[in-house]
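# Test case, fold it:
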Amino acid sequence: MSALGTVDGPGSAIPRPRARGRGAVRLPAWSVLVAGLVVALVLVAALFPGVLTSTDPDAVDPIAALAPPGGGHLLGTDQLGRDVLARIIYGARPSLMIGVGATAIAVAAGSVLGILAATGGRVLDEAIMRLTDVFLAFPGLLLALVVAAVLGPGTGDATLAIGASLTPGFVRLARGQALVVKNADYVRSAVTYGRGRLSNGLRHLLPNTLPPLLVLASINIGTAVIAGSSLSFLGLGPKAPTAEWGEMLSDGRDFMATAWAMAVFPGVAITLTVVAVNVLGRDLRRRFEGREA
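Sure thing, here's the model as predicted:
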């Protein structure tokens, strides 16, 4: 399990192959297709927001403040008269940056530490894994909150905080996978013929460790998006006036009675994105397990 608690228990260091049709749940083809379309739309919003809207997300219009959905504002406006739809579209970029960036940090740090633990000898292995156990003892979101509070608000700091909270799960998985590969005959032969530990790790261990880590990463992106929105909701994410889904939820909570759209639609955006990413991640995991079976 990652420290944020999304998948695979901490004891399951190596994903065990499952026979087709028994352990792996095959998702309906339509659900994977819909999830792919949702993720594609979010990516377009993050990379090319101007394609989806020509409205300035930061344009203030006090006269149109708290307008309901409809008319010139399809999803209504916020307390400053800013268009909610435009802010959701432009908010996709920081939300995805945090989610993908944090997961990338966790994959990189987890793979390095896991391989070091598997190949560095008993003392180094014990030190890395005991530290990993300490981090896993804390709820992931709490750990991210502590790190973010120390670093301060900002997109980069939130990304680093969430990445740190996700790393322990990847350390365990990388170590378990590296231990299996390390004992393979071809790796033992490389050691026998004098290949160095670093060279051996880069040549054999890292390539064979990455595939399961990437499968785990595809599922954890959704968790990282939720964590990023949570930090933004608490004021520890991107700084105003940057549009971000969690920050929009925070603004909307005070106006639920008079302008429900302010909070509901950003919440829908978060939910759809996370569900879509998880569907694609689980489909990728099923395919990987089927290939290994």
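
# Now residue 68: phi and psi?
phi -70, psi 170 (degrees, to the nearest 10).

# What is the neighbour count of it?
When neighbours are counted by other Cβ atoms under 10 Å, residue 68 registers 13. In this view, the C-beta of every residue, glycine as well, is placed from N, C-alpha and C.

# Local confidence estimate at it?
Looking at residue 68, its pLDDT reads 91.

# Would you mind measuring from the residue lying closest to it once chain neighbours are set aside to residue 97?
Leaving aside its chain neighbours, residue 68 sits nearest to residue 76 (5.2 Å; criterion: Cβ to Cβ, 6 or more residues apart in numbering). Per Cβ to Cβ, to the nearest Å, residue 76 is found 26 Å from residue 97.

# again with residue 105
Counting by Cβ to Cβ, the gap from residue 105 to residue 97 is 12 Å.

# same check, this time on residue 176
30 Å.

# Could you do residue 237 as well?
To residue 97, residue 237 is 11 Å away according to Cβ to Cβ.

# Of these two, give the one with the bigger neighbour count.
Neighbour totals were compared for residue 237 and residue 97, and residue 237 leads with 30 against 18 (other Cβ under 10 Å).

# Quick check, that one in contact with residue 151.
No: shown here, residue 237 and residue 151 do not form a contact pair, counting by Cβ atoms under 8 Å, at 11.6 Å.

# now what about stretch 233-249, what contacts it?
57-58, 78, 84, 86-88, 90-92, 94-95, 98, 145, 148-149, 152-155, 157-158, 161, 228-232, 250, 262-263, 266-267, 269-270 (Cβ atoms under 8 Å, 6 or more residues apart in numbering).

# By mean pLDDT, point me to the weakest helix or strand of the chain.
Least confident helix or strand of the chain, by mean pLDDT, DSSP states H and E, is helix 197-200 with a mean of 54.

# Could you pull out the buried residues of the helix or strand just after it?
Under the assignment DSSP states H and E, the closest C-terminal helix or strand after helix 197-200 is helix 206-233. Neighbour-count burial for helix 206-233, counted by 16 or more other Cβ atoms under 10 Å, picks out 206, 209, 212-213, 215-233.

# tell me how far whatever helix or strand comes next after helix 206-233 is from the chain's mean position?
Going down the chain from helix 206-233, the next helix or strand is helix 245-252, by DSSP H and E. Relative to the chain's own centre, helix 245-252 is displaced by 19 Å; criterion: Cα atoms, centre = their mean, to the nearest Å.

# now swap in stretch 97-108 and tell me
Relative to its parent chain, stretch 97-108 has a centroid offset of 6 Å by Cα atoms, centre = their mean.

# which residues touch it?
Defining contact as Cβ under 8 Å, 6+ apart, one finds that stretch 97-108 is touched by 2, 46, 155, 158-164, 166-167, 169-170, 213-214, 217, 220-222, 224-225, 227-228, 231, 237, 277.

# And for stretch 61-69?
Residues contacting stretch 61-69 (Cβ under 8 Å, 6+ apart): 72-73, 75-82, 84, 255, 258-259, 261-262.
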